[in-house]
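> Using only what follows, build the 3D model:
(one chain, ligands or ions: 2)
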Amino acid sequence: VRTIVCTSLKGGSGKSTIVVNLAVEAERQGLGPVAIADTDSPQGSASHWWNIRDAHAPLFARELEVEGIELLVVDTAPQVAQDKIIRRADFVIIPVRPSPNDLRAVGETISVVEKCKKPFCFVVNGVKPRATITGETVRVLEKHGAVAPVLLGDRVDFAVSMIDGLAVSEMAPASRSAREIAELWKYVDTQMRK
Ligand SMILES: Nc1ncnc2c1ncn2[C@@H]1O[C@H](COP(=O)(O)OP(=O)(O)OP(=O)(O)O)[C@@H](O)[C@H]1O
Ligand SMILES: [Mg+2]
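Residues are numbered from 1 along each chain as shown. Ligands and ions are numbered 1, 2, ... in the order given. Okay, here's the model as predicted:
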């Protein structure tokens, strides 16, 4: 089983959103069975999403060790040291919003991931059209590691779909958000196989 861990010590960067959407996308691409795991127990965004969901896939993994799945996508909490969980990863995703605060905070996350010596990429999330800070964010992050070539826009689909336990591809299959997730999955899958 391959394990993806989505982590950042900055709250609200998009971890849970990315976890559920990539899990659904991987399943759609025939790479299942896929399971999500939620290690952010106080908040439980991914668990909540799964509980209100009708579809059976992806599965929900109560432990990080599950049998019979091909891919495990793990959501994490923004506060605690995540070393133990990151050590379980084959690939790590670090979502970063293009904002000065998020950029300032990302150093701490990078040092944890680097200490664990895991392959990782940044995903710039919540991009507003024509904002110059987007390019600056990409340039700063590129000094530290790979930045996913697809940026996730600031799109209401991402918030609304979560409320109904759906992925953007299920709520709005022809949307830009769905296309972004499909491209992001393609990139992550390729990087993970290297
Ligand atoms: N690309 C986006 N466009 C619009 N809204 C977004 C986007 N990404 C995330 N959001 C919204 O921003 C909020 C935070 O996202 P999310 O819960 O995925 O972040 P998180 O990193 O898991 O947060 P936490 O650190 O609190 O667990 C949510 O309300 C979510 O719906
Ligand atoms: Mg979360």
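> Relative to ligand 2, which residue of this protein is the closest?
At 3.4 Å from ligand 2, residue 16 is the closest residue in the chain, using Cβ to the ion. From N, CA and C alone the C-beta is placed, and that goes for glycine too.
> That residue against residue 75, yeah?
Yes: between residue 16 and residue 75 a contact is recorded at 5.2 Å, counting by Cβ atoms under 8 Å.
> what sits in contact with each of these two?
Overlap of the contact sets of residue 16 and residue 75 (by Cβ atoms under 8 Å, 6 or more residues apart in numbering) consists of 6, 40, 45-46.
> from those residues, which has minimum pLDDT?
Lowest pLDDT of the shared contacts of residue 16 and residue 75: residue 40, 94.
> The closest residue to residue 60 other than its chain neighbours: what secondary structure?
Nearest residue to residue 60, sequence neighbours excluded (Cβ to Cβ, 6 or more residues apart in numbering): residue 50, at 4.7 Å. Using DSSP: H, G, I helix; E, B strand; the rest coil, the structure places residue 50 in helix.
> tell me the contacts of residue 50?
20, 36, 38, 58, 60, 165.
> ranking the residues you listed by neighbours, who comes first?
Highest neighbour count within those, by other Cβ atoms under 10 Å: residue 20, with 29 neighbours.
> Please, where are all the helices along the protein?
15-28, 45-51, 83-86, 100-115, 132-142, 156-163, 168-171, 176-192 (DSSP state H).
> Quick one: residues in contact with the third one.
To tie it back to what came earlier, the one meant is helix 83-86. For helix 83-86, using Cβ under 8 Å, 6+ apart, the contacting residues are 5, 7, 39, 64, 74, 76, 92, 112-113, 115-116, 118.
> So what's the gap between that helix and the chain middle?
15 Å (Cα atoms, centre = their mean, to the nearest Å).
> List the contacts of the one residue sitting closest to the centre of the chain.
With distances taken as Cα atoms, centre = their mean, residue 18 lies nearest the centre of the chain, 3.3 Å away. With contact taken as Cβ under 8 Å, 6+ apart, residue 18 is in contact with 6, 93, 95, 123, 125, 152, 184.
> biggest separation within those, which pair?
6 and 152 (12.5 Å; Cβ to Cβ).
> Contact partners for residue 59?
Here residue 59 is in contact with 33-36, 66, 69 (criterion: Cβ under 8 Å, 6+ apart).
> Stretch 65-85 close to ligand 1?
Yes: judged by Cβ under 6 Å from any ligand atom, stretch 65-85 comes into contact with ligand 1 at residue 78.
> neighbours around residue 126, how many?
Residue 126 - counted by other Cβ under 10 Å - has 21 other residues nearby.
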